[in-house]
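give me the fold of what follows.
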Amino acid sequence: MPEGATLLSPSAPTPGPSGSGGLRICIHRGAHEIGGSCVELEAHGKRLLLDLGLPLDAEENTQNLLPNTPGLREASADLLGVLFSHAHQDHYGLLKHVRPDLPVAMGAAGRRILEAAAPWVPDATVPAPGPVLVDRRPFAWGPFQITPYLADHSAFDSYAFLIEAGGKR
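Residues are numbered from 1 along each chain as shown. Presented below is the predicted three-dimensional model:
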């Protein structure tokens, strides 16, 4: 945990924008299990989700698995979008339950893979446009400075991230 960052409990609804700066982190899922990762970051009253994965032990893919986060199903000016690390269901599998205009940042090749596979994947959802990840090319998304790094993983076009906001990394 970065010094000065605040870890929020995933059991309670995500608080509204604080506007106070700093960096707040809420691990909704993925700290005590493999798969289904979802981490929420908040800085300067803006929020960003890192992955929105389907838990590996889920019997069904239902909207009840979404974290209690404002802006996933209805418009919310403080939720900027979702940053996907890679195109595996345990990192993007709940996308079909969110509003279709929610911006999604991901690698160009990963997006092309999801688009090409959509006709053959049951309940496939093509992500809404958002920032395109390029290895070691930083970009700003609201108050977040994000630097994607290609990662060695079984999913092509996978990324790890350095995320900076509110003076924290």
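
going by C-alpha atoms from here, please, whenever you check contacts or count neighbours.
OK.

so, low pLDDT: which residues of this protein?
Along the chain, segments meeting pLDDT under 70 span 1-21.

can you pull out the helices in it?
For the chain, applying DSSP state H gives helices covering 89-92, 108-117.

return the most buried member of these.
Mean neighbour count (mean count of other Cα atoms under 10 Å) peaks for helix 89-92 among the helices of the chain, with a mean of 22.

hmm, who's touching that helix?
Identification of contacts with helix 89-92 by Cα atoms under 8 Å, 6 or more residues apart in numbering yields 35-38, 51-56, 84-86.

now the helices of the chain in JSON lines, with distance to residue 139?
Listed next are the helices of the chain as JSON lines, based on distance: least, Cα to Cα, whole Å:
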{"stretch": "helix 89-92", "distance to residue 139": "21"}
{"stretch": "helix 108-117", "distance to residue 139": "15"}
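
ok, so of the contacts of helix 89-92, who is nearest residue 63?
The closest of the contacts of helix 89-92 to residue 63 turns out to be residue 54 (Cα to Cα; 10.2 Å).

neighbours of that closest one, how many?
25 (other Cα atoms under 10 Å).

test my guess that it contacts residue 35.
Yes - with contact defined as Cα atoms under 8 Å, residue 54 reaches residue 35; the gap is 7.0 Å.

which strand residues bridge the residue nearest the centre of the chain?
Central residue of the chain (Cα atoms, centre = their mean): residue 50, 2.6 Å from the mean position. Beta-bridge partners for residue 50, by DSSP bridges, are residue 39, residue 83.

distance of it relative to residue 141?
To residue 141, residue 50 is 13 Å away according to Cα to Cα, to the nearest Å.

give the contact list for residue 84.
Residues near residue 84 by Cα under 8 Å, 6+ apart: 50-52, 91-92, 104-106.

and the residue nearest to the centre of the chain, how far is that from residue 102?
13 Å.

what do these two both touch?
With Cα under 8 Å, 6+ apart, residue 50 and residue 102 have common neighbours residue 82.
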